[in-house]
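> Give me a 3D structure for the following:
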Amino acid sequence: MGFVINAIYAMAHGLHDMHRRLCPRGAGLCEAMDPVDGSLLLDALLKTTFAGVSGEDIWYEIMNLRQVDPGVYDYIIVGSWHEGLLSIDDDMIRMNRSEMVRSVCSEPCSKGQI
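All right, here's what the predicted structure looks like:
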């Protein structure tokens, strides 16, 4: 469960750092963060550093959902982001070839969504 706690800490640190940069005059949400700009949050998350719940370095694993057996799917680690360096194995990535892949990240979020 440590990775879940670390993921929550990463979001908290990222939002806190973003808040300090965009809302320097006080507590609470300022106009610059209402709504939260996902690009700015991603930038803050990628720059976030802290010791994990067990004292370990924190990094991001890049995963690809893949069919591992007929009817069985699992996430496979295909790369990582650590200390500002991207490492990815392009040969490990499997793309959906049966239909157009919809990029959910590119669609605008409704109020209250991230």
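> Show me where this protein has its helices.
Residue ranges of the helices in the chain, as given by DSSP state H, are 2-22, 38-47.
> Out of the ones you listed, flag the one nearest L65.
Ranking those by proximity to L65 (Cβ to Cβ) places helix 2-22 first, at 17.5 Å. Where C-beta positions appear, they are placed from N, C-alpha and C, glycine not excepted.
> Quick check: buried residues in that closest one?
Using 16 or more other Cβ atoms under 10 Å as the test for burial, helix 2-22 gives N6, Y9, A10, H13, G14, L15, D17, M18, H19, L22.
> same thing with stretch 61-79?
Buried-residue list, stretch 61-79, by 16+ other Cβ under 10 Å: I62, N64, V78, G79.
> pLDDT score for the closest residue to the first one other than its chain neighbours?
Distances taken as Cβ to Cβ, 6 or more residues apart in numbering put G79 closest to I62, at 3.9 Å, once the chain neighbours are dropped. The confidence metric pLDDT takes the value 89 at G79.
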